[in-house]
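Peer 1: Quick one: sequence and predicted model below, then my questions.
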Amino acid sequence: MFVLLAAVYIVAGRLSLLLAFANANASPVWPPTGLAIGALLVLGLRAWPAIAVGAFIVNLTNSGDVVAAFLIAVGNTLEAVAAAWLTLRYARGRAAFNSTRNVLRFVAISANASTIAASIGTVTVVGIGLGPAADAGNIWLTWWLGDTVGATTMAPLIVLWERRPLLSDVSIRIGEMAALIAALGLASFAVFSPWPPGRPDYPFILIPVLLWSAFRFGAWITALGSAFIVVIAVDGTLRGSGPFRHESPNESLLLLQAFVGLTTTMMLSVAAEVSRRRSVERDLRMLNERLERKVASRTDELQKANERLIQAQEVAHMGSWEWDVGANRVWWSDEMYRIYGIAAGTFIGYETFLEHVHPDDRSIAHEIVSRAMMDTRPFTFDHRIVRPDGTVRVIHANGRVICDAVSHPIRMVGTGVDITERKEAEEARAQLIHEQARRQEAEETSRAKDQFLAVLSHELRTPLNAALGWAHMLRELPRDAPATRHAVDAIYRNMLIQSRLVSDIVDVSRITKGALTVEKAPVDLAAIIESAMEMVRESARARNIALETCVAGDRVALLGDAKRLEQVFWNLLSNGIRFGREGGFVRVASTVENGAIRVTVEDDGPGIDPAFLPHVFEPFRQADASPRRAHDGLGLGLSIARHLVELHGGNMSAANRPGGGAVLTVILPT
């Protein structure tokens, strides 16, 4: 490719030097400059060696001086590289002919870059002696104008080659193209031919033809037409015809080149604007087509979405509505009409809506809507409606208020969902859950009763069997035998245990009937606690458990039933001894706080199972209710104790100690 470029440059240069009248090295017509700039814009700046080689060979064959050829080639190469680089940077490179601004920038860049070659060439020619110093100005002007016009006419042909009209496009307008070519030929012949002699010279008749080309066929055809006119104009001018003939051929060609440069610049600018306008129109047309396609696509999507929304509303039994407050007109979706059982399209106002609300819910619905209008806040509520056929449906309504710029309500929008089936299902489910809970409660009660009866039979049978055994032995022993006293004590102790079991059962029965009462009188709490501790001391000694007490020293004014309070603390102490650690302790402490006395009973046993802790005061509930459990009792003591404390106006609670063991707390008012 670079070899071909150098060869073309050499041929164009040799032909152009045939017109070098001012100096053998300066031609007023120099297309190689446009060829070089166009090639560098298309192929890239890396193609500069081909330009340099071509320029060197052209000037060497012309002048025969190696130094002169080298210096002139340097000027031609620098000129082309500078013009191409500046065009790439400031005139959009290969897009330089797409707008008038960039066309003018390219022409200005080419004119300035041409001063490089003209200056180096003129200095070289005069300095080496290839031309007189007196002609330096004429040589420089010829050199500069030839390079500038060459760049203006030749570079567009190369750069715009890729955007030339396709043969298929030209074939469609083959008649117009033929007419344009004929018009160019006739106009050029009319301006630059010697016939008829004596006619007036009007070079500007070429401009309408070039404008035709610019408007109808674009920049490349316009540049090609300009080049065609240059060829005819140069030939006619050299023959002494046309408006630019002068005594000197060089001056004639300079005048011609000035006209060609201005005309080409103007036509390229027009073609660029026409092309830009067509590009804008094409882009607008394509944009409109895309917009139309998008609008059609979106319209189709909206229609499908609307259909899906309608189907979804039908499936969900949900409709949408909008109330124009000012016009008092309510818009309903089709599903809302179906929910209310009204024909679609029927006029609906706010009063019409209220008429369909169930009479029992009408005032509530009106109040909620009115409050939402005042507060401008979203609302939601359930209400019943009555259809024209008399059926009642339950509607879940959601809505919000839309206000104007001054916060005045203008519209209200929302949805309505038919939740009748859901409400019925929820009621049926709630009824089922209630029945299941009652059945489970009954089953638990039955299990608790069975467990209680099993425990009761075991607890009653144990002391009874012991008493019977000792009574049988007592019958066989002499009355004065040493074991007689021991037998009587055993019988008494077991009968006492059985008596307490029966008392607990009776107390529970009274609690259930609400017949358990207390007789309050001034009591000594410390004495009551001490009496309860004496009652369990034997049991504590049997398990090697230390009984500790730290009761408030001050006498506390307390009203209560001494017997029942003794029963409470006996139960708590018995519980601590029964479940405490063998060899451990059971501690009773009391403090006075805020008009109440607080008594705690704690042990150092394993404590209460956290899962059982919420049920510790429930009657008939034990953590281990099996007949083979490690601890005896009916599980009634704590329940009875708590009830007795509550009858005294106090309360009782249970917890676990951080270090292990249980803490039972009684709070009584002083």
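Peer 2: Received the coordinates, thanks. Residues are numbered from 1 along each chain as shown.

Peer 1: element containing the closest residue to residue 637 other than its chain neighbours?
Peer 2: Nearest-residue entry for residue 637: residue 571, 4.0 Å, with adjacent residues in sequence omitted and distances by CB to CB, 6 or more residues apart in numbering. Where C-beta positions appear, they are placed from N, C-alpha and C, glycine not excepted. For residue 571, the host element (DSSP states H and E) is helix 562-579.

Peer 1: quick check, residue 602 in a strand?
Peer 2: Yes: counting by DSSP: H, G, I helix; E, B strand; the rest coil, residue 602 is located in a strand.

Peer 1: Helix, strand or coil: sort out the closest residue to it other than its chain neighbours for me.
Peer 2: Leaving aside its chain neighbours, residue 602 sits nearest to residue 663 (4.4 Å; criterion: CB to CB, 6+ apart). When classified by three-state DSSP, residue 663 comes out as strand.

Peer 1: Over to the one 5 residues further on?
Peer 2: At residue 668, secondary structure determined by three-state DSSP is strand.

Peer 1: That one reaches residue 557, doesn't it?
Peer 2: No: in terms of CB atoms under 8 Å, residue 668 does not count as a neighbour of residue 557; the distance is 11.3 Å.

Peer 1: what stretches of the protein score poorly on pLDDT?
Peer 2: 168-170, 196-201, 316, 445-446, 448-510, 512-513, 552-556, 620-635 (pLDDT under 70).

Peer 1: which of residue 668 and residue 557 has more neighbours?
Peer 2: Regarding residue 668 and residue 557, a neighbour count based on other CB atoms under 10 Å identifies residue 668 as having more, with 22 against 10.

Peer 1: residues touching the more buried one, list them.
Peer 2: For residue 668, the contacting residues are 525, 558, 560, 596, 597, 599, 645, 648, 649, 650, by CB atoms under 8 Å, 6 or more residues apart in numbering.

Peer 1: Identify the residues contacting the residue nearest to residue 310 when sequence neighbours are not counted.
Peer 2: The shortest distance from residue 310 to any residue other than its chain neighbours is 6.4 Å, reached at residue 334 (CB to CB, 6+ apart). With contacts taken as CB under 8 Å, 6+ apart, residue 334 has the following neighbours: 310, 313, 319, 344.

Peer 1: for residue 75, same thing?
Peer 2: Taking CB under 8 Å, 6+ apart as the test, what residue 75 contacts is 116, 117, 118, 119, 120, 121, 124.

Peer 1: what helix or strand does it sit in?
Peer 2: For residue 75, the enclosing helix or strand under DSSP H and E is helix 66-90.

Peer 1: what helix or strand is the nearest residue to residue 606 once chain neighbours are set aside on?
Peer 2: What sits nearest to residue 606 in space, not counting adjacent residues and going by CB to CB, 6+ apart, is residue 660, at 6.8 Å. Under the criterion DSSP H and E, no helix or strand holds residue 660.

Peer 1: which residues touch residue 660?
Peer 2: Residues counted as contacts of residue 660 (CB under 8 Å, 6+ apart) are 604, 605, 606, 607.

Peer 1: Residue 537 too?
Peer 2: For residue 537, the contacting residues are residue 547, by CB under 8 Å, 6+ apart.

Peer 1: Helix or strand for it, just tell me which one.
Peer 2: helix 525-542.

Peer 1: angle of that helix against helix 562-579?
Peer 2: Using axes from the mean of the first three to the mean of the last three CA atoms, to 10 degrees, the interaxial angle of helix 525-542 with respect to helix 562-579 works out to 30 degrees.

Peer 1: hmm, who's touching the next helix or strand after helix 525-542?
Peer 2: Past helix 525-542, further along toward the C-terminus, the next helix or strand under DSSP H and E is strand 546-550. For strand 546-550, the external contacting residues (CB under 8 Å, 6+ apart) are 529-530, 533, 536-537, 540, 573, 584-590.
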